[in-house]
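> got a sequence here, can you model it:
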Amino acid sequence: MGFWSEALAAAKRMRMLLTLVALLYVVSYVVGWYLISIRYPAAIQLAETVRRSVLTQSPFTTITTELRGGNLAQAVLSTFLINLAVGAFLSTTLLGVVPMLGLFAVMGITLWRGFVVGITYPVVLATSFGAFIVGFGTMLLELGAYVFSGAAGINIALAPIFPGRQGVKSRWVAFKAAWRDAARIYVIVAILLALGAVWEMTGLFLLMRTT
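Purely as a prediction, here's the structure:
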């Protein structure tokens, strides 16, 4: 319970950044969804390119092979590790290592990711009721995790510039404190991504068995 309490305390300290990242995801998703809804040619073409890339490249092809082979546990583990290492840490949190610039990098990744989900997921969600349940749950859990990892990255990027946000005067001490908070908040990130991996892979596994 100590880890969980510390994670919640870190999240409370970052609540403004969490709100910012969540809003960026919502806005960019809505923009992507709107462009698809009006069938804007560039958005449709980009969505098709993204879907084709995802379906034909690793690690997605490796994971689908595991599912088709009945290895659900391995597919869940692979999905979790990839999302945690690449989707959360490398593409959002680690960017914060660059003071201030990390802020704009994380915001850029967030806007792009939300937009891509906005142009691709409407088609997935409309495929069938089962696909809607799997896709909607996956989206909420995974993007929820990325909200926390993105806020942690922004917090790290701001720490050396505004050490007072960490309650200290030293830029180096503030930087280290922000990383400690990132480690704490990753308890929440890991839980959400684990739930997301189980939800998504189990759903896909069942959908494959019914088609």
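
> any idea how far R113 is from G87?
In this structure, G87 and R113 are 9 Å apart, going by Cβ to Cβ, to the nearest Å. Any C-beta I mention is one placed from the backbone N, CA and C, and that applies to glycine too.

> and the longest helix for this structure?
helix 171-210 (DSSP state H).

> ok, now which ones touch the residue nearest to the spatial centre of the chain?
Geometric centre of the chain, nearest residue: Y146, 3.1 Å, by Cα atoms, centre = their mean. By Cβ atoms under 8 Å, 6 or more residues apart in numbering, the contact set of Y146 is V21, Y25, G87, A88, T92, T110, R113.

> narrow those residues to those in helices?
Per DSSP H, those map to helices at V21, Y25, T110, R113.

> distance of the closest residue to the third one other than its chain neighbours from A11?
Residue nearest to T110 in three dimensions, not counting chain neighbours: L24, with 4.6 Å by Cβ to Cβ, 6 or more residues apart in numbering. Relative to A11, L24 is positioned 17 Å away (Cβ to Cβ).

> quick one: low-confidence ranges for this protein?
1, 211 (pLDDT under 70).

> and if we set it to 80?
1, 55, 210-211 (pLDDT under 80).

> residue farthest from the centroid of this protein?
Each residue of the chain has a distance to the centre, and by Cα atoms, centre = their mean the biggest one is for K169: 32.0 Å.

> right, and the secondary structure at it would be what?
coil (DSSP: H, G, I helix; E, B strand; the rest coil).

> residue contacts, it?
K169 neighbours (Cβ under 8 Å, 6+ apart): P163.

> hmm, L158 and L101 touching each other?
No: L101 lies out of contact with L158 (Cβ atoms under 8 Å); the separation is 11.0 Å.

> which of those two has more neighbours?
L158 (21 against 12; other Cβ atoms under 10 Å).

> okay if I get the contacts of Y146 as a markdown table plus neighbour count and distance to F129?
A markdown table is the format used below for the contacts of Y146 (neighbours: other Cβ atoms under 10 Å; distance: Cβ to Cβ, whole Å):
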| residue | neighbour count | distance to F129 |
| --- | --- | --- |
| V21 | 26 | 30 |
| Y25 | 23 | 25 |
| G87 | 21 | 27 |
| A88 | 25 | 29 |
| T92 | 29 | 32 |
| T110 | 27 | 30 |
| R113 | 21 | 26 |
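
> okay, the residues you listed in a markdown table with distance to G203 next?
Shown next, in a markdown table, are the contacts of Y146 (distance: Cβ to Cβ, whole Å):
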| residue | distance to G203 |
| --- | --- |
| V21 | 26 |
| Y25 | 21 |
| G87 | 18 |
| A88 | 21 |
| T92 | 25 |
| T110 | 25 |
| R113 | 21 |
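
> out of those residues, who's nearest R165?
Ranked by distance to R165 (Cβ to Cβ), the contacts of Y146 are led by V21 at 16.0 Å.
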